[in-house]
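Colleague: quick check, what structure comes out for this input:
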Amino acid sequence: MRTAALVLAGICVSTAAFANDSPYEKNHMEPFGSERLSSPISLTGNCANVVIVEWRPTPGRQVSTSPSDKAKTAINETCELVVKNFKRFVLLQQYTVGSVNNFSQTISLMPADIQNHGSDLRNLNDFSYRFNSRYKELDEDGDVIPIWGYHSRSTSHIYIRNDALSSNFKTVFAHELFHAMSYQFGIFQQYSSNQTATDEKMARKFTQFIGLGE
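Modeller: Numbers count the residues shown, from 1 in each chain. Just a heads-up that it's a prediction; the model follows:
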């Protein structure tokens, strides 16, 4: 999911936090040991194999962007909504799918808003280092369009904004979960052409289908 706004923010993440890591290493998307939660958060029910391994708050907004029981509940409820409706949706779209049990994924939550640390080192819109090789969409002025969420097919990992209680989080999360399930359960592989673009359209249709808008 994307927004057209682009405002550069200064790097404020202390390199001391990465004592044994190399934060300036390009394209090291997966979280360093220093970025991982000491106790990963496993979801429940149909999402029992979905695990949050990184959740870093936004400086100055720790209360609304840190793990909390309310935030975890919102994340779990959205995941359940996606899993329960995924098969029905793809069958209506005339794709073939078998069991969608045992859905698995790892998740990183981090600052994403480029007006509030989102483009800082190791955050979601760090285009210079952590996500240097990630596909970049440009606006009409040639500037990179920031994103709110990203699914990595190669590592079965979702990188997403950290404000789980915000009005837009559920839509972004459901969108990325659709990408993850589409790839894991073979829908992505059934597209006849331009698989990435087709899956993007499908994800947008799916979030509308489950009542979360586009």
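
Colleague: just checking, what packs against the helix or strand Leu109 falls within?
Modeller: According to DSSP states H and E, Leu109 maps onto strand 104-110. Secondary-structure packing of strand 104-110 (3 or more Cβ pairs under 8 Å, 6 or more residues apart in numbering; DSSP states H and E): strand 49-55, strand 157-161, helix 169-184. Glycine gets a C-beta too; all of them are placed from N, C-alpha and C.

Colleague: list the buried residues in the first one.
Modeller: If I follow you right, that is strand 49-55. Buried residues in strand 49-55, counting neighbours by 16 or more other Cβ atoms under 10 Å, are found at Val50, Ile52, Val53, Glu54, Trp55.

Colleague: just checking, next helix/strand downstream of the helix or strand bottoming out on mean pLDDT in the chain?
Modeller: Least confident element among the helices and strands of the chain, by mean pLDDT, DSSP states H and E: helix 62-65 (a mean of 95). Counting by DSSP H and E, the next helix or strand C-terminal to helix 62-65 is helix 69-92.

Colleague: what's that following helix in contact with?
Modeller: 41, 43-47, 50, 52, 97, 100, 103, 164-165, 169-170, 173-174, 177-178, 181-182, 185, 187, 202, 205-206, 209-210 (Cβ atoms under 8 Å, 6 or more residues apart in numbering).

Colleague: any of the residues you listed buried? List them.
Modeller: In these, the ones that pass as buried (16+ other Cβ under 10 Å) are 41, 43, 46-47, 50, 52, 97, 103, 164, 169-170, 173-174, 177-178, 181-182, 185, 187, 202, 206, 209-210.

Colleague: average pLDDT across stretch 71-82?
Modeller: Stretch 71-82 shows a mean pLDDT of 98.

Colleague: please list the residues outside stretch 142-159 that contact it.
Modeller: So stretch 142-159 is contacted by 1-6, 29-30, 104-108, 110, 112, 114, 118-119, 124-125, 127, 131, 134, 136-139, 160-161, 168, 172-173, 175-177, 179-180, 183-184, 188 (Cβ under 8 Å, 6+ apart).

Colleague: show me which of those residues are buried.
Modeller: 1, 29, 105-108, 110, 112, 114, 118-119, 124-125, 131, 134, 160-161, 172-173, 175-177, 179-180, 183-184, 188.

Colleague: quick revisit: how about the CA coordinates for the least confident helix or strand of the chain, as PDB?
Modeller: Extracted in PDB, the C-alpha atoms of helix 62-65 (Å, rounded to 0.1, in the frame of the first residue of the first chain):
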ATOM      1  CA  GLN A  62       5.500   5.000  21.700                       C
ATOM      2  CA  VAL A  63       2.100   4.500  23.300                       C
ATOM      3  CA  SER A  64       0.200   4.200  20.000                       C
ATOM      4  CA  THR A  65       2.900   2.300  18.100                       C
END
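
Colleague: so which bits of that helix are buried?
Modeller: Under the neighbour-count criterion of 16+ other Cβ under 10 Å, helix 62-65 has Thr65 buried.

Colleague: show the pLDDT at the residue lying closest to Phe188 once chain neighbours are set aside.
Modeller: Leaving aside its chain neighbours, Phe188 sits nearest to Ser182 (4.6 Å; criterion: Cβ to Cβ, 6 or more residues apart in numbering). You'll see Ser182 listed with a pLDDT of 98.

Colleague: wait, Ser182 touches Tyr191, no?
Modeller: No - Ser182 lies out of contact with Tyr191 (Cβ atoms under 8 Å); the separation is 9.1 Å.

Colleague: cool, thanks, signing off.
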